[in-house]
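K.L.:
Need the 3D shape of this:
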Amino acid sequence: MKKLHEIKDLVQEAIDSGANNVEEIHRSLAGKPFKVLKKIKLSGSAVEKLEDFQDQSIGNVYDFLRSMNEKIGEIATDLLKKIEKDKGAKKVKGAKKVRKSAPKQCKAKTKRGSQCKRMPVAGSRYCSVHKPK
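P.N.:
You can find the predicted model right below:
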């Protein structure tokens, strides 16, 4: 189970790293037209406002991706914990069943000292002949 947690963490880190790298490239490419507009001195404040809006929009998209990655990681962690808990509960239940299961043969000894061959009565360890009264 530890390995699954490690894999989940690696996937999350890879997604975060990828989002950061793609965001950096996206910002670099998206900023090129604004650099050109600033060089030709096309109403600077309008260009700056547009650039700020675009920069904020790009940031929001990648913030959302990172946020979703974090939430998915939390869900995966919860699911892994539930699986671990269920797996542990099944082991305990299985052990109880072994202890609680009815014997396949009467536990009593015959008068001659051999094991009784009869099936036990439901809910008892003994057959109807040897069942304590």
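K.L.:
Poorly predicted segments of the chain, please.
P.N.:
Applying pLDDT under 70 to the chain flags the ranges 42-44, 91-103.
K.L.:
mind listing the helices for it?
P.N.:
Along the chain, the stretches classed as helices by DSSP state H are 2-39, 44-100.
K.L.:
Format those as CSV; extra columns: distance to residue 116 and mean neighbour count.
P.N.:
Every C-beta, even on glycine, is put in place using the N, C-alpha and C of the backbone. Formatted as CSV, these follow (distance: least, Cβ to Cβ, whole Å; neighbours: other Cβ atoms under 10 Å):
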stretch, distance to residue 116, mean neighbour count
helix 2-39, 49, 12
helix 44-100, 21, 12
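K.L.:
need the ones you listed in JSON lines with distance to residue 132, can you?
P.N.:
Shown next, in JSON lines, are the helices of the chain (distance: least, Cβ to Cβ, whole Å):
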{"stretch": "helix 2-39", "distance to residue 132": "50"}
{"stretch": "helix 44-100", "distance to residue 132": "19"}
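K.L.:
domain parsing for the protein?
P.N.:
Taking automatic domain parsing as the criterion, the chain consists of the domains 2-100, 102-133.
K.L.:
List the residues that contact the residue positioned nearest the centre of the chain.
P.N.:
In the chain, the residue lying closest to the centroid (Cα atoms, centre = their mean) is residue 76, at 2.8 Å. Contacts for residue 76 (Cβ atoms under 8 Å, 6 or more residues apart in numbering) come out as residue 8.
K.L.:
roughly how far apart are it and residue 83?
P.N.:
Look at residue 76 and residue 83: by Cβ to Cβ, to the nearest Å, they are 10 Å apart.
K.L.:
cool, residue 121 as well?
P.N.:
Separation of residue 121 from residue 83 (Cβ to Cβ): 40 Å.
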